[in-house]
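>>> no sequence on this one, just coordinates:
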């Protein structure tokens, strides 16, 4: 019979792993300061202080870069909800509480740095940005896993994939900004996200060893229902399509750079400790991933046709 544990038992068993990985994280995390990544000399007053309010021509970012930066920033802005959800999934006790608070403090730097950069460089409309922030934080996030389950297994599985997805999105956004300052800032943020991912990945890997069937069930449900935490933000659907279309974060990256590397790290498809229940879940997950791979090809074909039509239209208009 497969081993099973209550959430309290599981947290207790995993606490030494959390403590070891917290110490590992603290030994590797680099101290950095948001103000060191913002070109303050470019700043000037807005109308309320006797200056000039924002207008689109002031931005040196392309529409794609603006959409990506705003999407990434608004995702970071919902930190109060993430802190609450992770605290509820873990606990406020010992290593768990120390990690949650440390993670929150590090994540908060990301939003500070991106917002200061965008406001100082006039990269986006600060009024529209603040309006969107108020909407995002007011509505919060209640079920980012998409499964309706806030237990620790679903939580650590979700944040493992989500942190890696965020790393990919930040890194690719930096490249399309065509600004070395933005690229450097987002590379620094992406490095943080990678360390966060490793913490959660190692916790989830340890859970797989403790309760293999329950853990793979949570992993499979999270993969099937995965959505980015910013799904409820204003213009998310339009912006996510734009980002996918231009390679900031698309289905290929989701499968090849997020899901599969993590599953390989967990040795998920070569493990021998599942019962018949776990084996069936793994088989179903494999079928889902096979279908996802087909969806990737279909998406890329449609995207290539769309980009070709856009290029042809631009050629006609410039002729």
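On my side now, so go ahead. All values derive from a computational prediction rather than experimental measurement. Numbers count the residues shown, from 1 in each chain.

>>> quick one, strands of the stretch 101-250 of the chain?
Applying DSSP state E, counting those that start in this stretch to the stretch 101-250 of the chain gives no strands.

>>> just the helices in it please.
126-139, 152-176, 180-210, 212-225, 236-245 (DSSP state H, counting those that start in this stretch).

>>> could you redo those helices as JSON lines and give each row distance to residue 108 and mean neighbour count?
For glycine as for every other residue, the C-beta is placed from the backbone atoms N, C-alpha and C. What follows is these, written out as JSON lines (distance: least, Cβ to Cβ, whole Å; neighbours: other Cβ atoms under 10 Å):
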{"stretch": "helix 126-139", "distance to residue 108": "13", "mean neighbour count": "15"}
{"stretch": "helix 152-176", "distance to residue 108": "14", "mean neighbour count": "24"}
{"stretch": "helix 180-210", "distance to residue 108": "11", "mean neighbour count": "20"}
{"stretch": "helix 212-225", "distance to residue 108": "25", "mean neighbour count": "22"}
{"stretch": "helix 236-245", "distance to residue 108": "22", "mean neighbour count": "16"}
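
>>> Which one of those lies nearest to residue 85?
Between residue 85 and these, the shortest gap by Cβ to Cβ is with helix 152-176, which sits at 7.1 Å.

>>> Return the list of helices and strands in contact with that closest one.
helix 7-28, helix 63-77, helix 79-89, helix 180-210, helix 212-225, helix 260-265 (3 or more Cβ pairs under 8 Å, 6 or more residues apart in numbering; DSSP states H and E).

>>> so for it, what's the average pLDDT?
Averaging pLDDT along helix 152-176 yields 95.

>>> Who's the closest spatial neighbour of the residue nearest to the spatial centre of the chain, skipping the chain neighbours?
In the chain, the residue lying closest to the centroid (Cα atoms, centre = their mean) is residue 166, at 2.8 Å. Distances taken as Cβ to Cβ, 6 or more residues apart in numbering place residue 193 nearest to residue 166, at 4.9 Å, with adjacent residues excluded.

>>> ok, residue 270 - contacts?
By Cβ atoms under 8 Å, 6 or more residues apart in numbering, the contact set of residue 270 is empty.

>>> repeat for residue 92
Contacts for residue 92 (Cβ under 8 Å, 6+ apart) come out as residue 100.

>>> which residue packs closest to residue 97, ignoring adjacent ones?
Of all residues not flanking residue 97 in the chain, residue 91 sits nearest, at 6.6 Å (Cβ to Cβ, 6+ apart).

>>> sorry, back to before: looking at the helices and strands packed on helix 152-176, which is nearest to residue 311?
Going by Cβ to Cβ, the one of these nearest residue 311 is helix 63-77, 15.0 Å.

>>> buried stuff in the closest one?
Burial within helix 63-77, assessed by neighbour count using 16 or more other Cβ atoms under 10 Å, is assigned to 64-77.

>>> With pLDDT and distance to residue 218 as added columns, please give those in CSV.
Formatted as CSV, these follow (pLDDT from 0 to 100; distance: Cβ to Cβ, whole Å):
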residue, pLDDT, distance to residue 218
64, 95, 35
65, 96, 36
66, 96, 36
67, 95, 32
68, 96, 30
69, 96, 32
70, 96, 32
71, 94, 27
72, 95, 27
73, 95, 29
74, 94, 27
75, 92, 23
76, 93, 25
77, 92, 27
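
>>> Of these, just say which sits nearest to residue 225.
So of the buried residues of helix 63-77, ranked by how close each gets to residue 225 (Cβ to Cβ), first place is residue 75, at 17.9 Å.

>>> residues contacting the nearest residue to the closest one once chain neighbours are set aside?
Distances taken as Cβ to Cβ, 6+ apart put residue 230 closest to residue 75, at 4.0 Å, once the chain neighbours are dropped. Taking Cβ under 8 Å, 6+ apart, we find residue 230 in contact with 71, 74, 75, 78, 136, 236.

>>> switch the cut-off to 7 Å
Counting by Cβ atoms under 7 Å, 6 or more residues apart in numbering, residue 230 touches 71, 74, 75, 236.

>>> Check residue 183 too.
Here residue 183 is in contact with 174, 175, 177 (criterion: Cβ under 7 Å, 6+ apart).

>>> what do you get for residue 190?
167, 170, 171.

>>> do residue 136 as well
Here residue 136 is in contact with 74, 77, 78, 233 (Cβ under 7 Å, 6+ apart).
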